[in-house]
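Student: Curious how this folds, go ahead:
(4 chains)
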Protein chains: 2
Amino acid sequence: MLEIRHLRTLLALTEAGTVSRAAERVHLTQSALSHQLKALEAHYGVAMVKRHGQSVKLTEPGQRLVTLARTVMGEVRTAERDLTKLVGKPAGTLRIVLECHTCFDWLMPIMDAFRKHWPEVELDLVSGFHPNPLALLADNKTDLVIGSENKPRRGIVYHPLFRFEVLAVMPTDHRLKAKRHLAASDFAKETLITYPVPEERIDLIRRVLKPAKIHPRRRTTELTVAILQLVASRRGVAALPNWGIKNYVDYGYVIARRIGKSGLWSNLYGATTGEVARLPFVRDFLETARRECFAKLDGVVPVQ
Amino acid sequence: MLEIRHLRTLLALTEAGTVSRAAERVHLTQSALSHQLKALEAHYGVAMVKRHGQSVKLTEPGQRLVTLARTVMGEVRTAERDLTKLVGKPAGTLRIVLECHTCFDWLMPIMDAFRKHWPEVELDLVSGFHPNPLALLADNKTDLVIGSENKPRRGIVYHPLFRFEVLAVMPTDHRLKAKRHLAASDFAKETLITYPVPEERIDLIRRVLKPAKIHPRRRTTELTVAILQLVASRRGVAALPNWGIKNYVDYGYVIARRIGKSGLWSNLYGATTGEVARLPFVRDFLETARRECFAKLDGVVPVQ
DNA sequence: AATATATCATGAGCCGTATTCATAATCTTT
DNA sequence: AAAGATTATGAATACGGCTCATGATATATT
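Tutor: Numbering: from 1, shown residues only, chains lettered A, B, ... in the order given. Sure thing, here's the model as predicted:
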């Protein structure tokens, strides 16, 4: 018999593209989803998915159920919102810690949208630096940590947000402009312009330069626009998310190049405790964030 | 976590008015529903029902979930209809046996409505008489039996449709017109006008007259209008459902009186095998029937 | 009032079933 | 060809929903 859990699975499946990744999203095993799908198909007597080489595509009946899932989940979400309003609970709080500095750029509009739906929830953005943000969750010092870490820890659940590429940003007339993609060595003689955060928090350094034992000079500044301005005026190069710089590139203000042959990619997760993950407004926040980011940010893909 | 089964339960609850009767509808025990409700209330932190004396009323949050349930179940129904169309199964058949003769009157419009939704389903109304209609289900001679029996039998599930009152219909100038309600003895000297069916199939005889050892003369005819015409022209009295005669009474063509102090009531059920009950179009047919009857027929109440 | 007859609530235990685990099968990539 | 990644499947496990039995409470009946 059809249950909401099946709808959730199908939704995750369209978004993730494979059963395994869909399974992560709904916090189940790949096997569980496989069984669920089989049960669904047995019940309706149709194939819901058709494996298309590596990935899985939904059949027409599957699509139909996804449509159902979307409307149903939407209805459920608003109903649950109404419920918590009816309960008149003393208005929750949602304290957010950002590990990823650029995230400010997309988070602000999300927070505005969220505030309209949940005016009674107090939003609190903690932007100071913490050596170990995930520890704050367990200590109940914060409710949600947004970052790229997803190492399993007991009591913590990760909610995949999206995946994006980090590009090297250079002035339009840079000596490396001809290269299709940059290697670690290319950064050796450059000045790297970054946010004022520790090295381990900068993907380019942690995952590319440090392994290659390359330590370029660094210069820091707070705002993304300031970084771009410094780059444009040839004070150095930077590494920024594709969606954050698209406008500047399109406008010809700077140029962007891939880092490494297959690019430097980063996954974003929202991390919460299991308890917090159950709160309707938290689920709604995460859902809103995912939806809006996929809709508004260019070059954003599902978490892999 | 909210699942469709909870929504089904809440819907049944509003319609049935008590937990026990709601339980019958969803084919579970009263205890199961009680636990479900408790789980729901624990999850959302609100009471969903408030006991109001004998019966149970839904609280505002409960109402909100019922609204959700209605839309969701509606969406699910149409999605499942679309699915079976997509599957392109060789079009099912729905063979219906009517135990209750008057049911023709409300069944026709239902069948028309149903045909529009499920043009590929072949409808077949078997109106001949069968000594034991429920046996036809097990023999796969029919798919749905509509009648007032609901004695538990293995392999057969009953789907409550509605409850109505059987009234005594008399000419406007009948000698008993002054009585508020009639007793069994009042029928002793009357001619009873009925459909041409065995005595056991006539509620008035089986449940009122036979126990009182009263055997009035009988005269039979096929059509409801013919019965009413005979009554109006003083050839006898009849016992017919309240909703079937309302227009004739309002028009002053005949008069109607209650039978016994608290009236003679009849429950209608659709009976199917468990297997058939799972077919989407069968579920849709029963759901349509219930909905339409409650909307269109006067004096119809939920099954008790 | 007292009894009978409904109803719902609740805890214990069972049973069903969804999930996981382990492994085979299949397809892609290097 | 081998490695890697993905899905399918059967068996075992574990969780949770359901039933059963019973008590509590309210409403009708005498």
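Student: can you list the domains in chain A?
Tutor: Following automatic domain parsing, one gets these domains for chain A: A:4-88, A:163-265.
Student: Please identify which of those is closest to chain B.
Tutor: Closest of the domains of chain A to chain B is domain A:4-88, at 4.0 Å (criterion: C-beta to the nearest C-beta). Just so you know, the C-beta spots here come from the backbone N, C-alpha and C atoms, and that holds for glycine as well.
Student: for the closest one, what is the average pLDDT?
Tutor: For domain A:4-88, the mean per-residue pLDDT is 91.
Student: now do stretch A:229-246
Tutor: The average pLDDT for stretch A:229-246 rounds to 94.
Student: Mind listing what's buried along that stretch?
Tutor: Of the residues in stretch A:229-246, A:229-232, A:236-245 count as buried by neighbour count, 16 or more other C-beta atoms under 10 Å in any protein chain shown.
Student: Which single one of the residues you listed is nearest to residue A:266?
Tutor: residue A:241 (7.4 Å; C-beta to C-beta).
Student: Please tell me how far the closest one sits from residue A:107.
Tutor: Going from residue A:241 to residue A:107 by C-beta to C-beta, to the nearest Å gives 13 Å.
Student: One more: residue A:267?
Tutor: Distance, residue A:267 to residue A:107, using C-beta to C-beta: 16 Å.
Student: likewise residue A:94?
Tutor: Residue A:94 is 12 Å from residue A:107, by C-beta to C-beta.
Student: okay, the two: which has more neighbours?
Tutor: Neighbours were counted for residue A:94 and for residue A:107 using other C-beta atoms under 10 Å in any protein chain shown; residue A:94 has more, 21 against 18.
Student: Can you lay out the buried residues of stretch A:229-246 as CSV showing distance to DNA strand C and secondary structure?
Tutor: What follows is those, written out as CSV (distance: C-beta to the nearest atom of the strand, whole Å; DSSP: H, G, I helix; E, B strand; the rest coil):
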residue, distance to DNA strand C, secondary structure
A:229, 37, helix
A:230, 36, helix
A:231, 31, helix
A:232, 35, helix
A:236, 32, coil
A:237, 27, strand
A:238, 28, strand
A:239, 23, strand
A:240, 26, strand
A:241, 24, strand
A:242, 21, helix
A:243, 25, helix
A:244, 27, helix
A:245, 27, helix
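Student: Tell me the one among these nearest to residue B:74.
Tutor: In terms of C-beta to C-beta, no member of the buried residues of stretch A:229-246 lies closer to residue B:74 than residue A:243, at 38.5 Å.
Student: Not counting sequence-adjacent ones, nearest residue to the closest one?
Tutor: The shortest distance from residue A:243 to any non-neighbouring residue, by C-beta to C-beta, 6 or more residues apart in numbering or on different chains, is to residue A:297 (4.0 Å).
Student: all helices of the stretch 201-304 of chain A, in order?
Tutor: In the stretch 201-304 of chain A, the helices defined using DSSP state H, counting those that start in this stretch lie at A:203, A:224-232, A:242-250, A:274-278, A:280-296.
Student: For residue A:137, find the nearest of those.
Tutor: Closest to residue A:137 of the helices of the stretch 201-304 of chain A, according to C-beta to C-beta: helix A:274-278, at 7.8 Å.
Student: which helices and strands sit right next to the closest one?
Tutor: Secondary-structure packing of helix A:274-278 (3 or more C-beta pairs under 8 Å, 6 or more residues apart in numbering or on different chains; DSSP states H and E): strand A:156-170.
Student: Next, the angle from the strand it packs on to helix A:280-296.
Tutor: Relative orientation of strand A:156-170 versus helix A:280-296 (axes from the mean of the first three to the mean of the last three C-alpha atoms, to 10 degrees): 30 degrees.
Student: Alpha carbons of stretch A:289-304, as PDB, please.
Tutor: Taking Å, rounded to 0.1, in the frame of the first residue of the first chain, the C-alpha atoms of stretch A:289-304 are listed here in PDB:
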ATOM      1  CA  ALA A 289      17.200  26.100   1.000                       C
ATOM      2  CA  ARG A 290      17.600  23.200  -1.300                       C
ATOM      3  CA  ARG A 291      14.700  24.100  -3.500                       C
ATOM      4  CA  GLU A 292      15.600  27.800  -3.800                       C
ATOM      5  CA  CYS A 293      19.300  27.100  -4.400                       C
ATOM      6  CA  PHE A 294      18.600  24.700  -7.200                       C
ATOM      7  CA  ALA A 295      16.200  27.200  -8.700                       C
ATOM      8  CA  LYS A 296      18.300  30.300  -8.300                       C
ATOM      9  CA  LEU A 297      22.000  29.400  -8.400                       C
ATOM     10  CA  ASP A 298      23.600  28.600 -11.700                       C
ATOM     11  CA  GLY A 299      25.800  25.600 -11.900                       C
ATOM     12  CA  VAL A 300      24.500  23.900  -8.800                       C
ATOM     13  CA  VAL A 301      24.000  20.100  -8.900                       C
ATOM     14  CA  PRO A 302      22.800  17.500  -6.500                       C
ATOM     15  CA  VAL A 303      25.200  16.200  -3.800                       C
ATOM     16  CA  GLN A 304      27.100  13.200  -4.900                       C
END
